[in-house]
Each structure stands twice: as C-alpha cells, then as structure tokens.
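Asker: Build me a model:
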Amino acid sequence: MEIEQFSFKRSERGYREQLQECAEIIGNSIVLVGEGKKSFRKVIASQLRLLLCDKENSLLPKCDKNIKLAPVSNNYLLNDEDQQMLNYTMLFNREGIYLELDDWLDQVVMRLRNSFTIPKKVKCKKCQDETDVESKHEEMKLCINDKVLIQYNCHCGKRNNVDVSDEIEQDDKETNFIFYKINEHTIRSIIRTYADRNGGAHVDKSIPYVNFADIHLGRRYIDAIANYILGAITYSKK
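Answerer: Numbers count the residues shown, from 1 in each chain. I've put the predicted structure just below:
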C-alpha cells in the first residue's frame, strides 16, 4: 500500500515558539559578538533573514500580520554630495512614522561611490574602429569577474566583449579615465548578503563588487538591526 505524502500545518502557537527560539538565538549571539566572538554575527544574519527577508516564508509577519517598524534616522557618519552612511549607533528613529515590513527593508543606510579605471577607447574586433568609452559609457556595460570586460554594440553591428583587464592595471592617465558608479545599500541587501553569501547560510565562491560594502561595512548595521528587531519581537509578544 502506498501512502500519499501529507503534511501538518503549523499552528499560530507553533510560529510563536519558533519566534521565541529565534529571539533567544539572536539575543545570545549579540552577547557573544560583544564578547569578541565576531563569527556569531553570521548566526545573527541568518536569523534576521529567517525573520524578515524570506519572502512569503518570513517568520515575523506570520506572527504579527500588522507589524510596523521604525524608520531609519537622519544621523550620518558620512554625508557628502554623493556618498552617505547612516550612523549605526543611532540607526532608527522611534519617533518617526512606522513602516510596513517591505518598505522598512528597502530603506537605504549606505550610498557609496565606487570608482573604476577603464580605457578611454576600445577597438571593435570586426571592423577595428575605435569607440570613445569616456563619452559613450552610458551605452556600455562593464562586467567585472575574473576578467574585466566592456560590452558594447559597434556601429558595424558587432556585439563586442572587450577584455580590458591588462589596460586597467596600467596607471596611464593618457589612455585611461576614472568612471564612478553610485550604489545603494539597504537593510534588506545587508541582511541577505551576510546571510546568503558570507557564511550565514551559504558561502559563495565569488562576491559581486556591489556586495563588498554589505559585508565589510555592513557588519555594524547587522548589530544595530539585530538589537532593534530583538526589541520589536519582545514588544510583539506582549
């Protein structure tokens, strides 16, 4: 006789028990990070992902469908024309207008400028004509992996993938120029990068350049987010 697979639906009490365990893990991990055991920050990130960033499976809204969270503050560590970093010691404004979960996760906590040295000109592999990168970089794509490639369509119709890895290593202002790209880092991106790429749940063999800041600068924001969320969980259980 075959037994058709069936499942048991988790009750509200079951979700609450999971929430309690999650709070205990985060709380204990915060203490351990404070004692110098920095690796437990990865444990915190994985629990934050489970709570907040697991799409329809996120635990916190299952326990409190009306959960709203405090907005970020306007206290900055860095506040230049095109670069900002919020102060992680005063990250949230508890006097502000509280936000739905998705809006809360999409709040920007860092806006950083990344610079890239690339050639001023590239040559088409088909017609051998040169294209001015400096004036047409908005129409091109820069791909950074094991190699650095500039992708563009030449006037002759050829789709080029030009390897400029060797050129960018040359400190030559006559042939190269500096290209800037502004990247925004949100509460969601910091949690997901730490959990999904940096050892919380997975260790990726490569990390996109845009996620470097999520890891190397984001660790303090992980601490601040965890402390705030731990308080929110405690409040929601009342």
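Asker: residues touching V109, list them.
Answerer: Contacts of V109 were listed using C-beta atoms under 8 Å, 6 or more residues apart in numbering, and they are 72, 85-86, 88, 91, 185-187, 190, 221. All C-beta atoms are positioned from the backbone trio N, CA, C, and that covers glycine.
Asker: swap in G27?
Answerer: L230.
Asker: how near is it to I229?
Answerer: From G27 across to I229, the span is 11 Å (C-beta to C-beta, to the nearest Å).
Asker: what does A213 give?
Answerer: 21 Å.
Asker: more crowded one of these two?
Answerer: Set A213 next to I229 and count neighbours by other C-beta atoms under 10 Å: I229 wins out with 22 against 18.
Asker: Surely that one is in contact with R49?
Answerer: No. Counting by C-beta atoms under 8 Å, I229 stays clear of R49, with 11.4 Å between them.
Asker: While we're on S29, how confident is the model there?
Answerer: Per-residue pLDDT puts S29 at 97.
Asker: That one belongs to a strand?
Answerer: No. S29: not assigned to a strand; according to DSSP: H, G, I helix; E, B strand; the rest coil it is helix.
Asker: so who does it touch?
Answerer: So S29 contacts 40-41, 43-44, 47, 226 (C-beta under 8 Å, 6+ apart).
Asker: Scan the residues you listed and report the most crowded one.
Answerer: Using other C-beta under 10 Å as the neighbour criterion, I44 leads the contacts of S29 with 29 neighbours.
Asker: Was I right to think that residue contacts A224?
Answerer: No. At 10.9 Å, I44 does not count as touching A224 under the criterion of C-beta under 8 Å.
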